[in-house]
Structure formats: structure tokens, C-alpha cells
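**Student:** mind looking at a prediction? Sequence and model below.
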Amino acid sequence: MDPLQRYLGAAFSYPDVGLSHPDTDAFRAGAVPPGYRRVRHRRLLGPEVSLERAAEILLTWQAHARCGLRPVASAPRAAAGVTVVSQLGLGPLRLPAPCRVVWAVEEDGRAGFGYGTLAGHPASGEEGFLLERDPAGRVRFTVHAYTRPGRWYTRLAGPVPGLLQNAFARAYAGALR
């Protein structure tokens, strides 16, 4: 079966949908709901990085692909309602990570999206990715996420999923440069 088809109608695996949106107080404060682990990674991408080029890489799933994930999405570009299944690993050890985009912005000076985990994802929560051009013309990238273990094996893994999520946040920034 196509890895995407089984998740198109799946429900979110957490109740606090939308808190990774950059216009929420939670995003601005870096706050997360009780019981969730916070990931907040900010990086200046550099003066040579174009917001438009970085946005194209981010919004078309190329950043995920450049990080070794194999994203399969219901649309070629991130937009609210799009389902994406990122896959990590090989063959029978491939782990699907189904998500649905809950918000997307593409405006003058900023671009990004946030997606939430669906039933079947190893974690439970939401991750937002935001590119912003500051007044000096520099491009900043922020990952704001709130997650908790979503499956028995991620609960048993202790701190490993959190370490991986932080590593991927840094890798996404590298993929946008």
C-alpha cells in the first residue's frame, strides 16, 4: 500500500492543534502545553541566503529530503490540510512519520508551515518551521515544536527521540543554507 494513502483520513494524535503558528502567544513565548517537551531552535542563515529560495526548499519538502527523510505528500507544496509521510530507515525497518499541515504562511518577509502528528506517528505533537527576514535583510530560521512520546517504543527510548528531534532541527537549518 502507498505509505500516504493509509494516513489521508487519520486523526491528529494530540489535542492542542495550532500552537506552533507564529502568530500565537505560545510560539512567541516558546511555550508548550503541559506534559509536552519543547524544542526551540533558532538560527541565522546568513546574508547570502535568500528568503525566497529558502522558502522554496522548505515549502516543497526539499529540506526534509535533504535531511535523509523520504517525504511523500498529498501535494507538492506545504499548505493547510496537506498530509505528508516522512520515512526514515530502510526496507522493513522504515519508520513512517505521518503528519498533516495545520498552517502555512507565505508572505513578504516570512514563510513557513507547521504540521501535527497523526495516529501512527512515533511522537505526538506539532512542529512549526518559520523563515523570517529581519530589518537588516538577514534570514532567520526557527523551529518551534511541542512533542511527547506517541508509541510504546518512543516511551521506552527515553531521551533518544528528543535528541533526534533536536538534531533534525539543526539539520533542517543546514538544508536551507
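**Tutor:** Received the coordinates, thanks.
**Student:** count of neighbours near Gly158?
**Tutor:** Counted with other C-beta atoms under 10 Å, the neighbours of Gly158 add up to 10. All C-beta spots, glycine's among them, are computed from the backbone N, C-alpha and C.
**Student:** so that it lines up with my notes, have the first residue be 710 from now on.
**Tutor:** Will do, 710 is the new start, and the previous item becomes Gly867.
**Student:** any idea which element Tyr881 lies in?
**Tutor:** Using DSSP states H and E, Tyr881 sits in helix 869-884.
**Student:** which residues sit against that helix?
**Tutor:** Under the contact criterion C-beta atoms under 8 Å, 6 or more residues apart in numbering, helix 869-884 has outside partners 746, 748, 750, 752, 754, 766-767, 771-773, 775-777, 831-832, 836, 838, 850, 852, 854, 856, 858, 863.
**Student:** report the buried members of the residues you listed.
**Tutor:** For those, a burial check counting by 16 or more other C-beta atoms under 10 Å picks out 746, 748, 750, 752, 754, 766-767, 772-773, 776, 831-832, 836, 838, 850, 852, 854, 856, 858, 863.
**Student:** so which of the contacts of helix 869-884 are in strands?
**Tutor:** Cross-referencing those against strands under DSSP state E gives 746, 748, 750, 752, 754, 832, 836, 838, 850, 852, 854, 856, 858.
**Student:** neighbours around the closest residue to the fifth one other than its chain neighbours, how many?
**Tutor:** This points to Leu754. If the residues on either side of it in the chain are set aside, Leu754 comes closest to Val848, at 4.5 Å by C-beta to C-beta, 6 or more residues apart in numbering. By other C-beta under 10 Å, 26 other residues sit near Val848.
**Student:** how about the contacts made by Gly790?
**Tutor:** Gly790 makes contacts with 809-810, as judged by C-beta under 8 Å, 6+ apart.
**Student:** and the ones in strands among the contacts of helix 869-884, which two are furthest apart?
**Tutor:** Farthest pair in the ones in strands among the contacts of helix 869-884 (C-beta to C-beta) is Leu754 and Pro858. Separation: 30.9 Å.
**Student:** so which residue is smack in the middle of the protein?
**Tutor:** Taking C-alpha atoms, centre = their mean, the centroid of the chain lies closest to Glu836, which sits 4.2 Å from it.
**Student:** what residues sit buried inside the helix holding Tyr881?
**Tutor:** Going by neighbour count (16+ other C-beta under 10 Å), the buried part of helix 869-884 is 870-871, 874, 877-878, 880-882, 884.
**Student:** ok so, going back, pretty sure the residue nearest to Leu754 contacts Glu757?
**Tutor:** No: the pair Val848 / Glu757 is not scored as a contact, 9.4 Å apart, by C-beta atoms under 8 Å.
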